[in-house]
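**Q** Give me coordinates for this.
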Amino acid sequence: MQRRDFFKKSLAVAGVAAIGSSLEAASQPKDGQKVSQVAFPQKRPMITYSDRPPLLESPRNVFSQAITPNDQFFVRWHMPEIPTHIDLKEYRLKVNGEVEKELSFTLDELKNEFEPVEVTAVLQCGGNGRSAFSPIAGGIQWGNGAVGNAKWKGARLRDVLERAGIKKGAHWIGFNGLDNAAYYETPNFVREMHMEELDDHVIVAYEMNGEELPYLNGYPVRLIIPGYYSDSWVKMLSNLTLTTDYQKLFFMDVAYRIPDNDCECEEPGSHKKVKTKPITTMNVKSMIGYPTNDTKVYLNSHLTVRGVAFDQGKGIREVLVSTDDGKTWNNAILDDGKNGRYSFREFRYTFNPSVYGKQKIMTKAINKAGEEQPLAEDIKWNHGGYKYNGIDTVTIEVV
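**A** Residues are numbered from 1 along each chain as shown. As a prediction, this is how the structure comes out:
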């Protein structure tokens with residue numbers, strides 16, 4: 001498929017897209033209305049909240065494996081004006097601001113003039129799981145599927161910046177992409193990070209799971225910041241701007257912020273102003289990929305629960321599973337962790353359902369710092385619906 005045809009085909013697909021059959025309750029808006037499933041180009045049918053900008057959620061069953069397939073990887077854009085095609089003869093990644101020499105790089109130069117590095121890392125929207133908050137928090141009512149894990153390949157961001165020469169007074173890096181707002185007064189999606197946050201795992205990626213980046217996941221290059229929520233992982237990256245001082249930006253100072261207190265929470269409906277801070281690193285979480293809600297299994301059958309667990313990079317110590325409404329918890333078997341500390345870790349747990357009817361399966365992860373996934377009722381509310389990580393639950397039917 002030619003890149004220039006991408007959105008022409010996307011719109012055609014979206015226009016005839018009401019193929020959503022029965023979706024999981026966790027992936028439905030609070031009012032019970034089901035969302036559609038749409039097969040965009042380069043994607044299988046996915047839970048779809050919008051086609052402009054594209055907002056696509058992965059189905060639960062992809063989380064039974066450590067690596068999320070590209071064609072089932074979630075999609076989250078903020079701006080509706082995404083380039084209809086990208087001409088690689090014209091594309092450049094620009095480096096400017098507090099540098100010795102302003103430079104720009106073609107995709108081929110990024111691939112061939114810098115040491116290629118790989119990192120396996122989880123990409124998760126800060127609003128993943130937002131639909132579980134009560135009362136409803138503002139924003140897209142994501143279920144559990146606004147997250148994925150991939151093997152990313154690219155050039156170290158540090159190497160790219162150093163090629164231009166970082167001036168002594170440069171303390172902040174600004175990131176901008178090729179997408180634009182439909183209304184001229186709407187601020188562009190620009191993010192910043194402090195130079196102290198820069199390490200060798202932060203890369204400008206041009207490959208995802210051994211293939212070029214899917215168009216909807218940021219082609220031709222995107223920023224990878226392992227351990228951080230996806231709002232910082234700018235797609236279709238076009239500009240790297242170094243500055244001496246922090247630049248006030250809407251998507252840093254207004255959006256993607258939570259209360260700056262111990263519980264990172266506030267009272268629903270309160271108009272009291274609270275001090276806030278940006279969401280940055282992810283918290284500990286596990287998700288069940290199999291079985292899914294309403295899966296039917298036979299009495300006394302050999303059922304293996306499979307899922308994934310992750311955090312911001314401290315490392316998963318254990319995953320516990322309960323089949324009796326949380327009265328008792330048993331250790332699941334974790335994979336060997338060969339994909340690194342920023343990756344999903346697969347887990348599995350086998351048991352024999354012994355009672356007919358509905359049965360809940362619950363999982364919680366604990367990381368090496370002792371941080372534990374909480375019960376849903378213990379999670380405090382915030383108006384943006386960010387950082388939800390309640391114990392995951394699916395309900396099966398034993399027949």
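**Q** secondary structure element for residue 321?
**A** In this assignment (DSSP states H and E), residue 321 forms part of strand 316-322.
**Q** Could the C-alpha coordinates of that strand be exported in CSV?
**A** Extracted C-alpha coordinates of strand 316-322, given in CSV (Å, rounded to 0.1, in the frame of the first residue of the first chain):
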residue,chain,number,x,y,z
ILE,A,316,8.3,-7.5,38.4
ARG,A,317,9.0,-9.7,41.5
GLU,A,318,5.8,-11.8,41.4
VAL,A,319,2.3,-12.2,40.1
LEU,A,320,-0.4,-13.6,42.3
VAL,A,321,-3.7,-15.2,41.2
SER,A,322,-6.9,-15.6,43.1
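**Q** Centre of the chain to that strand, how far?
**A** 21 Å (C-alpha atoms, centre = their mean, to the nearest Å).
**Q** what lines up beside the next helix or strand after it in the sheet?
**A** Per DSSP H and E, the first helix or strand lying C-terminal to strand 316-322 is strand 330-331. Counting by DSSP bridges, the strands paired with strand 330-331 are strand 316-322 (antiparallel).
**Q** which residue is nearest the centroid of this protein?
**A** residue 124 (1.8 Å; C-alpha atoms, centre = their mean).
**Q** Quick check, pLDDT for it.
**A** We note a pLDDT of 98 for residue 124 in this prediction.
**Q** OK, contacts around the residue lying closest to it once chain neighbours are set aside?
**A** Spatially, and ignoring its direct neighbours in sequence, residue 124 is nearest to residue 147 (4.0 Å; C-beta to C-beta, 6 or more residues apart in numbering). Where C-beta positions appear, they are placed from N, C-alpha and C, glycine not excepted. The contact partners of residue 147, taken as C-beta atoms under 8 Å, 6 or more residues apart in numbering, are 58, 74, 122-125, 128, 287.
**Q** could you flag which of these are buried?
**A** Buried subset of those (neighbour count, 16 or more other C-beta atoms under 10 Å): 58, 74, 122-125, 128, 287.
**Q** In JSON lines: these, plus distance to residue 298 and secondary structure.
**A** Shown next, in JSON lines, are those (distance: C-beta to C-beta, whole Å; DSSP: H, G, I helix; E, B strand; the rest coil):
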{"residue": "58", "distance to residue 298": "28", "secondary structure": "coil"}
{"residue": "74", "distance to residue 298": "33", "secondary structure": "coil"}
{"residue": "122", "distance to residue 298": "34", "secondary structure": "strand"}
{"residue": "123", "distance to residue 298": "37", "secondary structure": "strand"}
{"residue": "124", "distance to residue 298": "35", "secondary structure": "strand"}
{"residue": "125", "distance to residue 298": "37", "secondary structure": "coil"}
{"residue": "128", "distance to residue 298": "33", "secondary structure": "coil"}
{"residue": "287", "distance to residue 298": "25", "secondary structure": "strand"}
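**Q** and of the contacts of residue 147, the nearest to residue 198?
**A** Closest approach between the contacts of residue 147 and residue 198, by C-beta to C-beta: residue 123, at 18.4 Å.
**Q** what's the spacing between residue 359 and residue 291?
**A** Applying C-beta to C-beta, to the nearest Å, the value for residue 359 to residue 291 is 10 Å.
**Q** Common neighbours of the two, please.
**A** Shared contacts of residue 359 and residue 291 (C-beta under 8 Å, 6+ apart): residue 396.
**Q** remind me which residues of the stretch 151-300 of the chain are low pLDDT?
**A** 182-187, 250-251 (pLDDT under 70).
**Q** per-residue pLDDT, the residue nearest to residue 124?
**A** Value for residue 147, per-residue pLDDT: 98.
**Q** so what's the residue lying closest to residue 105 once chain neighbours are set aside up against?
**A** Leaving out its chain neighbours, the residue that sits closest to residue 105 by C-beta to C-beta, 6+ apart is residue 93, at 4.8 Å. Remark: with contacts taken as C-beta under 8 Å, 6+ apart, residue 93 is in contact with 104-105, 110, 160, 204, 221, 237-240.
**Q** any idea how far residue 93 is from residue 203?
**A** For residue 93 relative to residue 203 (C-beta to C-beta), the value is 13 Å.
**Q** Repeat that for residue 271.
**A** For residue 271, the distance to residue 203 equals 42 Å [C-beta to C-beta].
**Q** try residue 232
**A** Applying C-beta to C-beta to residue 232 and residue 203 gives a distance of 13 Å.
**Q** the more surrounded of these two?
**A** Neighbour count, other C-beta atoms under 10 Å: between residue 232 and residue 203, residue 203 has more, with 27 against 22.
**Q** hey, what's the more buried one bridged with?
**A** Beta-bridge partners of residue 203, as defined by DSSP bridges: residue 156, residue 224.
**Q** quick one: the helices in the stretch 201-350 of the chain?
**A** With helices called from DSSP state H, counting those that start in this stretch, the stretch 201-350 of the chain shows them at 250-253.
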